[in-house]
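Engineer: take a look and give me a structure for this.
(one chain, ligands or ions: 1)
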Amino acid sequence: MAVKRIALLGATGSIGRQAIEVVERNPELELCALASGSSDVTELARAHGVAHTQVGGDLTDLLETARPDVVLNAIVGFAGVGATLWALERGVTLALANKESLVAAGELALAAKERGGGLLLPVDSEHSALHQCLEGREPASVHSLVLTASGGPFRGRSRDELEGVTVDDALAHPTWNMGPKITVDSATLANKGLELIEAHFLFGVPYDRIEIVIHPTSTVHSLVRFRDGAALAHLGYPEMTVPISYALTYPERAATDVPQLDLAGGLTLEFAAPDLETFPLLALARRAGEAGGTYPAVLNAANEVAVAAFLDGRLPFLGIAEVVESALEAVDGAPAQDLAALIEADAEARRLAGRGVPVA
Ligand SMILES: NC(=O)c1ccc[n+]([C@@H]2O[C@H](COP(=O)([O-])OP(=O)(O)OC[C@H]3O[C@@H](n4cnc5c(N)ncnc54)[C@H](OP(=O)(O)O)[C@@H]3O)[C@@H](O)[C@H]2O)c1
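Structural biologist: Numbers count the residues shown, from 1 in each chain. Next up is the predicted model:
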């Protein structure tokens, strides 16, 4: 079998480091390019014999030169949008962890995928689960999608109880070990809101047929309900190695070192409705997704600004949703016809969100 050459973007992050372990285990995978935002990747490149590297900036030249078979986009935030569109436009397989790019540029990404004709494989665990449950099914047989959410570290708390929570409290995720931005997004439930929009674009299912349920142990990664009353679920331990390996070795599904589920040891599967009053970002995301145009891009940009300010100690936890809501109210959400218009909408949302955030 030919070796798959992988461009790993966001190589120094949580997903990036786990992806390197997956590549090291699989002789049929090879790294051909590495990129980070500001961390030095020289040592990493030397250790893996990678000739093409870049730190920050436009990744187009890197990708054009490295000519990967697969782009694993594990960049955090809107910074990943260029690489997503690059891969989709050229029909290069895109293993997508960077959900923000699909949320912000969903329409442009789908048009690019249509032209490029390549594969778009989700790395987000819930979407990888949905991809696997949906594969080979007739779209008409699908009733709805169910995304599970752990509920984050503040599950069960009231709004009042979230008044004084600290960055450390928000970063103490109960089930997943991830980078700081997505961990805060999990605490506000913005992450599930972004995933709702991501699922809409990935699977072409309308918002009113995508349900979110709280499932504290993250054992069921997501479910698909079918019109005959059956529901197919994807189960496993909360380990990103599995969806990363699935996307990189698709369709072979290579072995990993993740243990099999211990069923006889006792497995409790509990589900509950999310608390939309305490975690308003989930409802805001659904509204932004349904409104379409650049509303999802604005939601994403304002959230990035607000989360960075929270992590920086400049904004209280409850201020994150307030900043996002104000930004959404201030824009007209007109669709972006091209990447330049989308970048402008993103920048405008950042300006608006910045007004709601105290300067250091
Ligand atoms: N972590 C998870 O388990 C998980 C699960 C599902 C989905 N995801 C998604 O995967 C993405 C990455 O998450 P993460 O948790 O791995 O984040 P992370 O640990 O913060 O890592 C982010 C990576 O992106 C790089 N980066 C930032 N800006 C960049 C730029 N302008 N150009 C190139 N690289 C840039 C960072 O480089 P520096 O080191 O130089 O800053 C770092 O390598 C996010 O979209 C997240 O939502 C993550």
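Engineer: all strands of the chain, in order?
Structural biologist: 4-9, 29-36, 52-55, 70-73, 93-96, 120-122, 142-149, 210-214, 220-226, 231-235 (DSSP state E).
Engineer: now the fourth one: mean pLDDT?
Structural biologist: Yep, that's strand 70-73 we're talking about. The predicted model gives strand 70-73 an average pLDDT of 98.
Engineer: swap in the third one?
Structural biologist: Across strand 52-55, the average pLDDT comes to 98.
Engineer: briefly note if it comes near the ligand.
Structural biologist: No - in terms of CB under 6 Å from any ligand atom, no part of strand 52-55 sits within range of the ligand; the closest distance is 6.7 Å. Using the backbone N, CA and C atoms, a C-beta is placed for each residue, glycine as well.
Engineer: ok, and the closest non-adjacent residue to residue 123?
Structural biologist: Spatial nearest neighbour of residue 123, chain neighbours left out: residue 97 (4.0 Å); criterion: CB to CB, 6 or more residues apart in numbering.
Engineer: likewise for residue 190?
Structural biologist: With CB to CB, 6+ apart as the criterion, residue 190 has its nearest non-adjacent residue at 4.0 Å, and that residue is residue 281.
Engineer: next, the contact list for that neighbour, please.
Structural biologist: Shown here is residue 281, whose contacts under the criterion CB atoms under 8 Å, 6 or more residues apart in numbering are 188, 189, 190, 193, 303, 320, 321, 324.
Engineer: make JSON lines out of these and add distance to residue 262 and pLDDT.
Structural biologist: As requested, those are arranged in JSON lines below (distance: CB to CB, whole Å; pLDDT from 0 to 100):
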{"residue": "188", "distance to residue 262": "32", "pLDDT": "98"}
{"residue": "189", "distance to residue 262": "29", "pLDDT": "98"}
{"residue": "190", "distance to residue 262": "32", "pLDDT": "98"}
{"residue": "193", "distance to residue 262": "32", "pLDDT": "98"}
{"residue": "303", "distance to residue 262": "37", "pLDDT": "98"}
{"residue": "320", "distance to residue 262": "37", "pLDDT": "98"}
{"residue": "321", "distance to residue 262": "38", "pLDDT": "98"}
{"residue": "324", "distance to residue 262": "40", "pLDDT": "98"}
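Engineer: list the contacts of whichever residue of the chain sits closest to the ligand.
Structural biologist: Relative to the ligand, the nearest point of the chain is residue 13 (1.9 Å; CB to the nearest ligand atom). Contact criterion CB under 8 Å, 6+ apart gives 36, 74, 75, 76, 179 as the residues in contact with residue 13.
Engineer: buried subset of these as a ChimeraX selection?
Structural biologist: Provided next is the ChimeraX selection string for whichever of the contacts of residue 13 are buried by 16 or more other CB atoms under 10 Å:
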select :36,74,75,76
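Engineer: wait, which of the contacts of residue 13 is closest to residue 351?
Structural biologist: When those are ranked by distance to residue 351 (CB to CB), residue 76 comes first, at 20.7 Å.
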